[in-house]
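Asker: Quick one: sequence plus predicted model below, questions after.
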Amino acid sequence: MARAARVSDSAAEIIVIGAGIAGLAAAWRLGGAGIDVRVLEAAPRAGGLIETERRGPFLVEWGPHSFLHNAAHVVALARDLGLADRIVLARPRARRRYIYSRGKLRRVPAGPLSLLFGTLLSPRARLRALREPWVARGASAGAAAESAYDFFARRFGGEFAERIAAPFASGVYAGDLTALEAGTAFSRAVAWEREHGSVLRGALREWRARSGTGAAARPRGSYSFQDGMGELGAALAAALGDRLECGAAVHAIERAGSGWWIRAHGLSGDATWHARGVAIALPAHRAAEILAPAVPAAAAALAEIPYAPIAVAQFGVRNEMLTRPLDGFGFLTIAREGPPILGCLWPSAIFEGRAPEGVSLLTVFLGGVRDAEIRAATEGAVIERARRGLAPMLLREDAPVEFAAARVLPRAIPQLVVGHTARHDRLSGIASGLGTIAFAGNFLGGVSVEDAVRSGLQAAEALLVGVREPGR
């Protein structure tokens, strides 16, 4: 039976559309500033891509697994929410990263000395990479149109770009190093070259500057929460209380004088909201759909941002079924060597409490831009492909598993491809001109949890100025 339409008019000073971590952070900041804020989320739960699930004795992450020691905005947010004592540091061995190459898991160099003696690169490529501090800045240094591949090849050599930087681009963005924009996707590395003339020199100086000062005194490494990354979204949702409405899918935004009409399908029917300002914290393609009639220029810029599909498979495996001990964070793969998976994280080796004694939890990633057909795969097909991918690398052939599960995300990770800076500038100009609309999300300037939280806080700050500015 069709649901009877119920039209109701409600008002708030600012509406946040989307309750991923960026939208939740924006709403938290706005509420703390005394703003009457409401958050509308289409899904039945808040948190977006950050989702932690209990599967019996396993603690499973379907999205981001951690944040880094220098994630100042995440740490500050956790402290404000009363989660500071819930933050946990990864085990020391989790600092080790591996890349599967030529039939073996080979450790990623963690610094110049390990680069000198590692086996991931040829001797000639290792020497070329070590020359990086003495490589002069080229004419393309810092250019917005420079690809990440060109940047790393210019600084460290082509073999380094192909065998180390490219797998990390697949691991972080599920993307293609030749397509990603260096200045956005790897902004810190580009900044180090621009400011210090060298990526290695800049990284070293930043490490020295941070050591022993303030929040930077936090030990280097990866962090999460005792019950997983989902704690952060859950705490934000709880703090917002009835200002957060899940199951409310916004389908249109319209100008209303100096404000906005927001039209949504809610659990109890249709609703229309009026607000002075709007923070749009949706994936770029969804934001483009709802903005097209009201702000076509912004919609056009958002629609240009491509997304890569990702499939995630989870396995609980008894330790004796593994072909080697799990002594690190996990491993990535090299695309041109043809493996069917992007990589694998070892959550039970990274943090305590992720799996029962004697059993390991493995999280396998497939798809990305190099295997876009994964978006049509079934759960069973993803599990089978992931098992086959692990077999030569980590898992004994035909090994039984304690549990297996998988999900497919057809549009998972935004691709910050060459030209992204220009699109970002267009969006910023439109938002600044309107004053009462702002954007937040991982499609803006980075896909980490820290990047998303920062974008939400920045959107909130922009709206605090815009809605209070005379004449807006």
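Answerer: Cool, got the structure.

Asker: For S224, name its beta-bridge partners.
Answerer: V88 (DSSP bridges).

Asker: And for V408?
Answerer: Applying DSSP bridges, one finds that V408 bridges with A311.

Asker: dump the residue contacts of it.
Answerer: Residues near V408 by C-beta atoms under 8 Å, 6 or more residues apart in numbering: P309, I310, A311, G367, I374, R375, A377, E379, V382. C-beta coordinates here come from the backbone N, C-alpha and C atoms, glycine included.

Asker: sec struct for the fifth one, please.
Answerer: Reducing the assignment at I374 to three states with DSSP: H, G, I helix; E, B strand; the rest coil gives helix.

Asker: circling back: any chance of TSV for the contacts of V408, columns pLDDT?
Answerer: Below are the contacts of V408 laid out as TSV (pLDDT from 0 to 100):
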residue	pLDDT
P309	97
I310	98
A311	98
G367	97
I374	97
R375	96
A377	97
E379	97
V382	98
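
Asker: now those residues: which count as buried?
Answerer: The neighbour-count test (16 or more other C-beta atoms under 10 Å) marks P309, I310, A311, G367, I374, R375, A377, V382 as buried among the contacts of V408.

Asker: quick check, nearest of the residues you listed to V74?
Answerer: I310 (21.7 Å; C-beta to C-beta).

Asker: Surely the closest one touches A372?
Answerer: No: contact status for I310 versus A372: not in contact, 10.4 Å apart, counting by C-beta atoms under 8 Å.

Asker: which outside residues touch the helix or strand of the chain with the lowest mean pLDDT?
Answerer: Sorted by mean pLDDT, DSSP states H and E, the helices and strands of the chain end with helix 112-117, the least confident at a mean of 75. Residues from elsewhere that reach helix 112-117, judged by C-beta under 8 Å, 6+ apart: R107, P109, L121, R126, A129, L130, L200.

Asker: My guess is the fifth one contacts A153. True?
Answerer: It stands for A129. No: using C-beta under 8 Å as the test, A129 is too far from A153 to be in contact (10.8 Å).

Asker: hey, what's in contact with both of these two?
Answerer: Contact criterion C-beta under 8 Å, 6+ apart; residues shared by A129 and A153: F160.

Asker: between these two, which one's more packed in?
Answerer: Neighbours were counted for A129 and for A153 using other C-beta atoms under 10 Å; A129 has more, 24 against 18.

Asker: Spit out the contact partners of the more buried one.
Answerer: Neighbours of A129 in contact, by C-beta under 8 Å, 6+ apart: L115, L121, F156, G157, F160.

Asker: so what pLDDT did it get?
Answerer: The score at A129 is 94. That number is its pLDDT.

Asker: What of the one 5 residues further on?
Answerer: W134 is assigned a predicted lDDT (pLDDT) of 94.

Asker: Identify the residue spatially nearest to it, adjacent ones excluded.
Answerer: Sequence neighbours aside, S198 is the residue nearest to W134 in space, at 7.9 Å (criterion: C-beta to C-beta, 6 or more residues apart in numbering).

Asker: Could you do V172 as well?
Answerer: V447 (6.6 Å).

Asker: S348 is in contact with F329, correct?
Answerer: No: assessed by C-beta under 8 Å, F329 is found out of contact with S348, at 11.7 Å.

Asker: which element is the residue nearest to E304 when sequence neighbours are not counted on?
Answerer: Distance criterion C-beta to C-beta, 6+ apart; nearest residue to E304, sequence neighbours excluded, is R423 at 5.8 Å. R423 belongs to helix 420-434 when assigned by DSSP states H and E.

Asker: ok, now P167?
Answerer: Following DSSP H and E, one finds P167 within helix 166-173.

Asker: And R208, by the same measure?
Answerer: Here R208 is assigned to helix 199-210, by DSSP H and E.

Asker: helices or strands next to that helix in the packing?
Answerer: Applying 3 or more C-beta pairs under 8 Å, 6 or more residues apart in numbering; DSSP states H and E, one finds that helix 199-210 contacts helix 187-196.

Asker: mind redoing it with 10 Å?
Answerer: helix 112-117, helix 148-156, helix 187-196 (3 or more C-beta pairs under 10 Å, 6 or more residues apart in numbering; DSSP states H and E).

Asker: Just the mean pLDDT for the longest helix seen in the chain, thanks.
Answerer: Longest helix in the chain by number of residues (criterion: DSSP state H): helix 449-466. The average pLDDT within helix 449-466 is 95.

Asker: Which positions within that helix qualify as buried?
Answerer: Under 16+ other C-beta under 10 Å, the buried positions of helix 449-466 are 449-460, 462-464, 466.

Asker: Tell me the one among those nearest to G183.
Answerer: The nearest one, if we look at the buried residues of helix 449-466 relative to G183 and count by C-beta to C-beta, is D451, at 14.3 Å.
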